[in-house]
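Asker: sharing a model prediction with you, sequence too.
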Amino acid sequence: FGIKTHPNNDQLKIVLAGIEVSQNNYRKADLILKSLNDGESLNDYYYVKAQLFLTIHSDYDKANSTFNKWLDLEFDEIERNNSHDDVGDLKRECYIHIITSVRELVSDFDSRTLLLVYWINQYVDTFADSEFGSYEKDINVADLCRYENLLECCEKIFIALLKNQPYLESGWTILATAQYSLGKYEESNESVDFALAINPDDLDAIMVKAHASFAMNNFIVALDYYKQYKSKTLSLIRIDDMDGLEYCECDLYIGITLWKLGEITESKDYIKQAIRWNETLKNDTETYSWNCKDIAEWLIVLAQYEEAKTIIDKGLEIQPHNIEFLQIKAEVLFLLNNNEAYDYLQESIDKADNKLNAILSA
């Protein structure tokens, strides 16, 4: 209706082009931009143009440079307009628009990840000052890092947040988890100590502390925290129908840690408990099967080969084409002097997308 009333209004046409982009009508949006009289004089022309570089052309370098041009224009306008109450919030909103466009418009996973990393790093570098963390958008971007599993970005943004918001709920635990996943065990251990100082009953922090300690070969400390986790979840597990999962994993970790400490008999007892807990998870077939794989690996370490064969067979019933499962089955058969192992190795290679890795593993 607006364009009908004002047929030469470029701003209205750009809005219409943006609507077409949101409905995946990228060619229509492109034609609208090409029909403009003086579109390049309007800020939002560059925003929609950048979206089309993401979609029609998959030219991500041009998309980034065009988004940056739009940002420069928007920031200049925000700073010139003295009526704005909160310049920081408006500038953050510009970045949120770009990050949202990348998430919604880029279908290729690897490309989307690279673009998100680029823009989130720029967001942190732009706003990481004394006020960082006092804006809800900072927390939203941090949550996005977790949701998209962008570990480096997650570490970077939570370090920036916690400088100004040291008591941010779960902040130190999230940072410690990201650092642990990145293999930064000492940094993770240091971060999780802050989390536990704030809340000694933080179950996630307790588990991260256990994992980080285990990774640094501090098995006595790891065992203490694994047992703490199990003790503190006891009442929750009895109430929650999602039982089994925490106990299965925790008993497996305790058993593995005991094995590292040379307590073989007690280790075997905990592995048996993990097997019993796992049997309560049969309805969650994926979790059940992966637990079978983890348990089988440690039964092999404990030289319980027949038990390992029984457990990995249960996993293979659910995931018969899983390369890791097939190779664990082969390993068990080799240890049992069963030449069927060769058949399972061959099958794992035949089914693998990356045959070189499968062969090297075999």
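Answerer: Thanks, I have the structure now. Worth saying up front: this structure is predicted, and the values here are computed from it rather than measured. Residues are numbered from 1 along each chain as shown.
Asker: for D89, grab the count of nearby residues.
Answerer: 13 (other Cβ atoms under 10 Å). C-betas here are computed from N, CA, C, even on glycine.
Asker: actually G2, not the one I wrote
Answerer: G2, neighbours per other Cβ under 10 Å, totals 12.
Asker: ditto for E152
Answerer: 13.
Asker: so which strand or helix has it?
Answerer: Assigned by DSSP states H and E, E152 belongs to helix 151-164.
Asker: please save the CA atoms from the next helix or strand after that helix in CSV.
Answerer: Per DSSP H and E, the first helix or strand lying C-terminal to helix 151-164 is helix 171-181. Provided in CSV are the C-alpha atoms of helix 171-181 (Å, rounded to 0.1, in the frame of the first residue of the first chain):
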residue,chain,number,x,y,z
GLY,A,171,29.3,-17.9,34.4
TRP,A,172,32.4,-19.5,35.9
THR,A,173,31.0,-23.0,35.3
ILE,A,174,30.3,-22.2,31.7
LEU,A,175,33.7,-20.7,31.2
ALA,A,176,35.3,-23.8,32.9
THR,A,177,33.3,-26.1,30.7
ALA,A,178,34.4,-24.4,27.5
GLN,A,179,38.0,-24.4,28.6
TYR,A,180,37.9,-28.1,29.5
SER,A,181,36.4,-28.8,26.0
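Asker: buried sites along helix 171-181?
Answerer: Neighbour counts over helix 171-181 (16 or more other Cβ atoms under 10 Å) mark G171, W172, T173, I174, L175, A176, T177, A178, Q179, Y180 as buried.
Asker: circling back: what mean pLDDT does the helix holding E152 get?
Answerer: Averaging pLDDT along helix 151-164 yields 95.
Asker: give the buried residues for stretch 353-362.
Answerer: A358, A362.
Asker: to clarify, my last question referred to stretch 192-199.
Answerer: V192, F194, A195, L196, I198, N199.
Asker: repeat for stretch 274-292
Answerer: Taking 16+ other Cβ under 10 Å as the criterion, stretch 274-292 shows A274, I275, W277, N278, T280, L281, T287, Y288, S289, W290, N291, C292 as buried.
Asker: check the gap between the third one and C248 for me.
Answerer: With distances defined as Cβ to Cβ, to the nearest Å, the gap from W277 to C248 amounts to 4 Å.
Asker: with the last one instead?
Answerer: Taking Cβ to Cβ as the measure, C292 falls 10 Å from C248.
Asker: pLDDT value on Q228, please?
Answerer: Q228 is given a pLDDT of 92.
Asker: where does it fall, phi/psi-wise?
Answerer: Per-residue torsions, Q228: phi -60, psi -50 (degrees, to the nearest 10).
Asker: list the contacts of it.
Answerer: By Cβ atoms under 8 Å, 6 or more residues apart in numbering, Q228 lies in contact with I206, A210.
Asker: and which of the buried residues of stretch 274-292 is nearest to G315?
Answerer: Using Cβ to Cβ, C292 comes nearest to G315 of the buried residues of stretch 274-292, at 3.4 Å.
Asker: other SSEs contacting the helix or strand harbouring K4?
Answerer: K4 is part of helix 2-5 when elements are defined by DSSP H and E. Helices and strands touching helix 2-5, by 3 or more Cβ pairs under 8 Å, 6 or more residues apart in numbering; DSSP states H and E, are helix 10-22.
Asker: list the buried residues for the helix it packs on?
Answerer: D10, Q11, L12, K13, I14, V15, L16, A17, G18, E20, V21.
Asker: now do that helix: everything it contacts.
Answerer: 2-3, 6, 26, 28-29, 32-33, 35-39, 41-42, 44-45, 47-48, 51-52, 55, 105.
Asker: quick one on the thing from earlier: now the buried residues of helix 10-22 in CSV, with pLDDT?
Answerer: Below are the buried residues of helix 10-22 laid out as CSV (pLDDT from 0 to 100):
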residue, pLDDT
D10, 89
Q11, 90
L12, 93
K13, 91
I14, 92
V15, 94
L16, 93
A17, 92
G18, 93
E20, 93
V21, 93
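Asker: with distance to R92 added, can I get the residues you listed in TSV?
Answerer: Listed next are the buried residues of helix 10-22 as TSV, based on distance: Cβ to Cβ, whole Å:
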residue	distance to R92
D10	27
Q11	24
L12	27
K13	28
I14	22
V15	22
L16	27
A17	24
G18	20
E20	26
V21	22
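Asker: out of the residues you listed, which comes closest to F219?
Answerer: For these, the minimum distance to F219 (Cβ to Cβ) is 55.1 Å, reached by V21.
Asker: residue nearest the middle of the protein, spatially speaking?
Answerer: N149 (1.9 Å; Cα atoms, centre = their mean).
Asker: what secondary structure does that residue sit in?
Answerer: coil (DSSP: H, G, I helix; E, B strand; the rest coil).
Asker: please report how far it lies from I174.
Answerer: Note on N149: its distance to I174, by Cβ to Cβ, is 12 Å.
Asker: and if you look at L261?
Answerer: According to Cβ to Cβ, L261 and I174 sit 30 Å apart.
Asker: now do the contacts for the closest residue to E347 other than its chain neighbours.
Answerer: Excluding the flanking residues, the one nearest E347 by Cβ to Cβ, 6 or more residues apart in numbering is L326, at 5.6 Å. If a contact means Cβ under 8 Å, 6+ apart, then L326 has L316, Y344, L345, E347, S348, K351 as its contacts.
Asker: filter those residues down to the buried ones, ChimeraX style.
Answerer: To isolate the buried subset of the contacts of L326 in ChimeraX, counting by 16+ other Cβ under 10 Å, use the following:
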select :316,344,345,347,348
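Asker: biggest separation within the contacts of L326, which pair?
Answerer: Greatest spacing in those, by Cβ to Cβ: L316 and L345 (14.0 Å).
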